[in-house]
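A.B. asks: Following is a predicted model, sequence given first.
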Amino acid sequence: MNYMKVILISGRTTKQGISLEMGKTSEEYSNNVAVIMMNENDMKKIGAKEDEHVEVRTKFGSAVVRCKESRIDRGIAFMPYGPWANMMISADTQGTGMPDYKGVEAKISATDKDVLTIANVIERIKEIK
Amino acid sequence: MIYKNIVCTLCGCLCDDIEVVTEGERIADVKNACEFSRSKFLNHAKDRAKHLIKKNGKLVEVPIEEALGEAAEILKKADFPLIYGLSSTETDAQRMAVELAELIGASIDNTTSVCHGPTIQAVQDCGAAKCTLGEVRNRADLVIFWGCNPAEAHIRHATRYSITPRGLYTESGRKGREIVHVDVRETKTSKMADIFVKVKPGRDYELLSAFRAAVKGYDVGDVAGVPSETITQLVEKMKSCKFGVIFFGLGLTMTGAKHMNVDAALRLVRDLNDHTKFTINPMRGHGNVSGSNDVMTWCTGYPFAVNFSKGYPVYNPGEFSAVDILARRECDAALIIASDPVAHFPAQASEHLVRIPTIVIDPKINLTSLIAKIVIPSAIAGIECDGTAYRMDGIPLRLKKVIDSEFLPDREILKKIIERVKA
């Protein structure tokens, strides 16, 4: 599979912030949060176009999200804070209380898999034993 | 009805010039607000929670008394309960949450542990030369944004305090201020800056330390992707400004070195005060997250990550912070107030909330309420009930009520739970 390694950073975006207030079960929230922003050359390298699905994997988990072209350096990818980014972040805080929300090594590849809806995300969490 | 000078509680800026227009039972318009704030006020009635209890695997609507009674029973029986959240409610509710924590021997943590917790740890280590946002507005001629993106997170910070306003000694507004943005990527904030400095991801500690060395006169060379000339040029600006300020965000607290990044920034500012007046302030996210630190500090002596299982407060981030308690599966019940850990914690941590009885007090349906055992809706502080919130620089502001609510304020709900636990 054609994948590339990136450093994954999560953070706030205006759209994420506004859609939070619309309600986290809203379609806007999923549309604005289940995304990853990448450099256009990185997108070409894995063969993904704007709004196509990519699978992001770290040592801690994976998620399928839509990719968006962004003015970001090659080798770095950005995701808005939310349940999709959370799937790939370790809960180990090294005794600080703070997880590594920014700066996680990840692999990204194009995929035909669907993006989990917020309902799917919740169902997946509920199945935890 | 038109309400003037309303405080918006969305982010740590606590803009206090919002105009809210109400028509009967609804908010018809909001003036002076940023996009987030507009969305918060205009959508306040959307997606509201109900009193729910999980019965046979499904959340069903129940009378408030049943929800409160069941919540109290769960908390009373728990051996190691966790109380978490607090940053989106007002200070009286925060105080009641601490009282409840002491009563049931709980761990109590606020969202600081996943935002500026490392900042507090660094400040406890070496102190901070802080100032108010009013001082920035009236005096600052060099403003450095480091690892933060106010253009997308604190939208009116630039116009009210840090970039364009004209103040007592800053009559020329934007023209009289030099703006620097240091970050790993170009954002909307970089576009507002005169100088954008791109630091390599995870290398902030090195760059801050290089600045400290350069302030002391050492030639540091290229560091963390930043050319030597840029470092020299910026250090000259820092030393020669009249009043400098660094605003920093989660770009420092959420990357590898965490509190050590902030430690380096605080020490840089301390060194700069040998040359001029320089200050540093964290960009606090949630409206009253700063208040949650103040309230917990004046109640327990500590700002977050406090445990009461010995009957007195013990502070230890990493041990009594919510992510760690959940990830280690230690707590056997959780009360989440004004926060949404399922949306914002690493999945490995928030998963544990499914295994234990989780009680959620929140005005809205959020992702944590979807997996909770009990949901108790509340009035929105600053819209549907009054209270106090602390701005990101520690200034307390009075919140007003602009519209009636069928729901109780968080403080009333907590008071009723406390009464039932004591009964």
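C.D. replies: That came through, no problem.

A.B. asks: Can you give me the buried ones in stretch B:232-247?
C.D. replies: Neighbour-count burial for stretch B:232-247 flags B:L234, B:V235, B:K237, B:M238, B:K239, B:C241, B:F243, B:G244, B:V245, B:I246, B:F247 (criterion: 16 or more other CB atoms under 10 Å in any protein chain shown). Yep, even glycine has a C-beta here, placed from its N, CA and C like the rest.

A.B. asks: try stretch B:4-16
C.D. replies: B:I6, B:V7, B:C8, B:T9, B:L10, B:C11, B:G12, B:C13, B:L14, B:C15, B:D16.

A.B. asks: distance between that stretch and the chain's centre?
C.D. replies: Here stretch B:4-16 is found 14 Å from its chain centre; the criterion is CA atoms, centre = their mean, to the nearest Å.

A.B. asks: again, but for stretch B:341-354
C.D. replies: Relative to its chain's centre, stretch B:341-354 lies at 19 Å (CA atoms, centre = their mean).

A.B. asks: so what's the residue of chain A found nearest chain B scoring on pLDDT?
C.D. replies: Per CB to the nearest CB, A:G97 is where chain A lies closest to chain B, at 3.0 Å. Note on A:G97: pLDDT of 95.

A.B. asks: Please name the residues that touch B:S37.
C.D. replies: When contacts are counted by CB atoms under 8 Å, 6 or more residues apart in numbering or on different chains, B:S37 touches B:C8, B:L10, B:C15, B:I18, B:V30.

A.B. asks: Check B:F308 too.
C.D. replies: B:F308 sits next to B:A101, B:E102, B:I104, B:G105, B:A106, B:S107, B:I108, B:V314 when contact means CB under 8 Å, 6+ apart.

A.B. asks: And the fifth one, how close does it get to B:M254?
C.D. replies: Computed as CB to CB, to the nearest Å, the B:A106 to B:M254 distance reads 26 Å.

A.B. asks: Which of those two has more residues huddled nearby?
C.D. replies: More crowded of B:A106 and B:M254, by other CB atoms under 10 Å in any protein chain shown: B:A106, with 27 against 24.

A.B. asks: Find the nearest non-adjacent residue to that one, please.
C.D. replies: Spatially, and ignoring its direct neighbours in sequence, B:A106 is nearest to B:P81 (4.3 Å; CB to CB, 6 or more residues apart in numbering or on different chains).

A.B. asks: repeat for A:I9
C.D. replies: A:K102 (4.5 Å).

A.B. asks: Quickly note the distance from B:C11 to A:T13.
C.D. replies: Taken as CB to CB, the span from B:C11 to A:T13 is 14 Å.

A.B. asks: ah, wrong one, I meant B:M96
C.D. replies: From B:M96 across to A:T13, the span is 34 Å (CB to CB).

A.B. asks: likewise B:W298?
C.D. replies: B:W298 sits 35 Å away from A:T13, going by CB to CB.

A.B. asks: Between the two, tell me which one has more neighbours.
C.D. replies: Under the criterion of other CB under 10 Å, the comparison of B:W298 against A:T13 puts A:T13 first, with 22 against 12.
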